[in-house]
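Undergrad: generate coordinates for the sequence data below:
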Amino acid sequence: MVASVGVFGVMSYNVARRTGELGIRMALGAQRRDVLRLVMNESMVLVAAGIAIGVADAIAATRTVSSLLFGVAPTDPGTMAGAIVVIVLVSALAGYLPARRASRIDPIVALRYE
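TA: Here you go, the predicted model:
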């Protein structure tokens, strides 16, 4: 949940900061789906990097947390896969909302914004 809120906040800030650039792209002929794809790709690259770092840290911390876990192994593949699937789905939704907003930017308003 915390990671999803973080991804949403970063992507919302990024889209707000790049309003002029996205408006220029759309004024030059970029379609809404192109802008949506651009912003979603950025979001999912961020999520992929976070998952890679998180899995590496989780595996490295197995000795520390093994005494705190009951009924599950520290490197249980099912648990890790489930956590990865949940974070990818929730983060994709959190990235989609700013991406959809970016794809609906009116080029005239975005250019006037600058």
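Undergrad: pick out the residue closest to the middle of this structure.
TA: What sits nearest the mean C-alpha location of the chain, by Cα atoms, centre = their mean, is S43, with 3.5 Å.
Undergrad: spatially nearest residue to that residue (excluding sequence neighbours)?
TA: G95 (2.9 Å; Cβ to Cβ, 6 or more residues apart in numbering). Every C-beta, even on glycine, is put in place using the N, C-alpha and C of the backbone.
Undergrad: quick one: pLDDT of the closest residue in space to R18 that isn't next to it in sequence?
TA: Spatial nearest neighbour of R18, excluding adjacent residues (Cβ to Cβ, 6+ apart): A102 at 7.7 Å. On the pLDDT scale, A102 is placed at 81.
Undergrad: longest helix of the chain?
TA: Scanning the chain for the longest helix, with DSSP state H as the assignment, gives helix 32-60.
Undergrad: against which helices or strands is it packed?
TA: Using 3 or more Cβ pairs under 8 Å, 6 or more residues apart in numbering; DSSP states H and E as the contact test, the elements touching helix 32-60 are helix 2-17, helix 19-27, helix 77-103.
Undergrad: which other residues reach the first one?
TA: It stands for helix 2-17. Helix 2-17 has contacts (Cβ atoms under 8 Å, 6 or more residues apart in numbering) with 22, 39, 42-43, 46-47, 50, 87, 90-91, 93-95, 97-99, 101-102.
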